[in-house]
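Asker: For reference, the sequence and a predicted model appear below.
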Amino acid sequence: MSIDADQIVERRRLRRKVTFWRTLGILAAVAAVAVGVATVLGRTIPASSPHVARVMIGGLIRNDRERVEMLEEIGRSRASAVILSIDSPGGTVTGSEQLYDALRRLAQKKPVVAVVEGVAASGAYIAALGADHIVARRNALVGSVGVIYQYPNFTELMKTLGVAMEDIKSSPLKASPNPFSPTTPEARAAVDSLVKDSYAWFKGLVSERRKISDPRLAEVSDGRVFTGHQGLDLQLVDELGDERTARAWLAKEKGVPPTLKVRNWRSGQVGDEFGWLLGAARGVVSALGFPQAAALFGDTARSALERSQLDGLLALWHPRSDG
């Protein structure tokens, strides 16, 4: 009797495990189908038909060859105009420069209007500068004109651990600044020159594209963000509104029929190669009865993944979390 009871218990455990993994597999399949359907619905209009192209600029901006190729494809398509829907704090300077250059090339073929849905700060504002016209919601955030170079310094921690990092360099500024030794005045000056050079380029871009004079340029390029309402007075944006405002401008100024349908154009995004892993992990946490923790885990993991892929000079805005 005891053996039979143990077998029954073991079978029940096995059945529960099989049921759990089957359920998880079904949920994953349903999610994949939902994503596929959403993608198809957003791209039912063929590129060979007249339409208005919508391009999303979100998350952290970095070098993205796929996105550049997508913008080039839009230029060859029958899109009558392009709407950039922006909600991003920026990213790397080189990635933002790459995106800006691609948008300017596209603007030579199609009218481009940017719509700031939430944030267009730092590198994302550089992207907005690539448009012919900038529309922002009244309380959206724009600006943060500036460049930053950040690096950790573990000198005090190394002292506490009793560990010293030795190196032999070809010249004093090779591999400087070094996170394992105090930053020398010479190294700090070298990095400062990099930041100032990129900052001068950024300011020049704002001055050229927005026709802002030197006195006002100093006001808008001190690193602050502004609301769309403030940005309108400061010449950082052209209009307050949303995508409907952008469509009205395209109709009035560029003769783009307001009846044209919108086609969503998409490319790969940062961290997509790990999306299935993040989704699976979040699904497991949620299945265990912690949906809020699952959502927090997914957002935190994706943010950490994106930031881990940023390197070099940054055109990035993020509010301080230390109050």
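Answerer: Everything's here; your move. Numbering: from 1, shown residues only.
Asker: the strands in the stretch 151-300 of the chain, which residues?
Answerer: Counting by DSSP state E, counting those that start in this stretch, one finds strands in the stretch 151-300 of the chain at the ranges 225-227, 239-240, 262-265.
Asker: Against which helices or strands is the longest one packed?
Answerer: Think strand 262-265. Contact here means 3 or more CB pairs under 8 Å, 6 or more residues apart in numbering; DSSP states H and E; on that basis strand 262-265 packs against strand 51-61, helix 65-76. No exception for glycine: its C-beta is placed from N, CA and C like everyone else's.
Asker: can you list contacts of that strand?
Answerer: The contact list for strand 262-265 (CB atoms under 8 Å, 6 or more residues apart in numbering) reads 42-43, 45, 47, 51-56, 70, 73-74, 79, 83.
Asker: any idea which element residue 88 lies in?
Answerer: Using DSSP states H and E, residue 88 maps to strand 79-92.
Asker: next SSE after that strand?
Answerer: By DSSP H and E, the next helix or strand past strand 79-92 is helix 93-107.
Asker: what's the offset of that next one from the middle of its chain?
Answerer: How far helix 93-107 lies from its chain's middle: 14 Å, per CA atoms, centre = their mean, to the nearest Å.
Asker: repeat for stretch 170-177
Answerer: Remark: stretch 170-177 is offset 32 Å from the chain centroid, using CA atoms, centre = their mean.
Asker: ditto for stretch 252-265
Answerer: 25 Å.
Asker: Stretch 223-230 too?
Answerer: The mean C-alpha position of stretch 223-230 is separated from the chain mean by 19 Å, CA atoms, centre = their mean.
Asker: which SS class is the nearest residue to residue 75 once chain neighbours are set aside?
Answerer: Closest residue to residue 75 apart from its sequence neighbours, by CB to CB, 6 or more residues apart in numbering: residue 109 at 4.5 Å. Under DSSP: H, G, I helix; E, B strand; the rest coil, the three-state class of residue 109 is coil.
Asker: any idea how far residue 71 is from residue 109?
Answerer: Distance, residue 109 to residue 71, using CB to CB, to the nearest Å: 10 Å.
Asker: again, but for residue 172
Answerer: On the measure of CB to CB, residue 172 and residue 71 end up 43 Å apart.
Asker: So for these two, which sits in the more crowded spot?
Answerer: Higher neighbour count among residue 172 and residue 71: residue 71, with 23 against 10, using other CB atoms under 10 Å.
Asker: isn't that one right up against residue 57?
Answerer: No. Residue 71 is beyond contact range of residue 57, at 10.8 Å (criterion: CB atoms under 8 Å).
Asker: list the helices and strands the helix or strand hosting residue 119 packs on?
Answerer: Per DSSP H and E: residue 119 is located in strand 112-121. Packing partners of strand 112-121 (3+ CB pairs under 8 Å, 6+ apart): strand 79-92, helix 123-129, strand 133-136, strand 141-143, helix 243-254.
Asker: what's the distance between that strand and the middle of its chain?
Answerer: Here strand 112-121 is found 12 Å from its chain centre; the criterion is CA atoms, centre = their mean.
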